[in-house]
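> Provided below for reference: sequence and predicted model.
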Amino acid sequence: MALRTQDGGAHTERPHWRFQDLDIWCLAVELAVVFHDVAARLEKRRLFRYAEQLRAAGLSISNNIAEGSASLHAAEFRQFLNIARRSLFEDASMLLVFERLGLLEQDEIMKMLALCDKLSRMITTFTRTLH
């Protein structure tokens, strides 16, 4: 479905959002896709609550970065980045529990935890640049 402009022409270009230029958002989306894939596998094992929680926290990271980027004040953006980082920690905690339960392979968990750690550090560094 093409959107129409006021003069009746079709709007064909996709808008570009400033958060798309943030490395932290790009990595958060990459992680969300990984978590989504893991959640799909958990659902096949009828572990619906685990899947739902992993997926929700994973999406929360990129969503809070995006929402915060629309803030007019740096302090407000920092709050959203803090929420994003806390959701990231939630996902890391779930991965550690999944490891103890034997739900995922240790190599896979290690790779995801490494990405979580990298993103956490990136968010912290980026937050410090906001004045």
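All right, it came through fine.

> low pLDDT regions in this protein?
1-11 (pLDDT under 70).

> strands of that one, start to end?
3-4, 10-11 (DSSP state E).

> quick check: longest helix of the chain.
In the chain, taking DSSP state H as the definition, the longest helix is helix 74-101.

> what helices or strands is it leaning on?
helix 23-44, helix 48-69, helix 106-129 (3 or more C-beta pairs under 8 Å, 6 or more residues apart in numbering; DSSP states H and E). (Glycine included, C-beta is placed from N, CA and C.)

> which of those helices sits most buried?
Mean neighbours per residue, mean count of other C-beta atoms under 10 Å, is largest over these for helix 48-69, with a mean of 20.

> quick check: residue 64 vs residue 45, distance?
From residue 64 over to residue 45 the distance is 29 Å, taken as C-beta to C-beta, to the nearest Å.

> same question, residue 61
Look at residue 61 and residue 45: by C-beta to C-beta, they are 24 Å apart.
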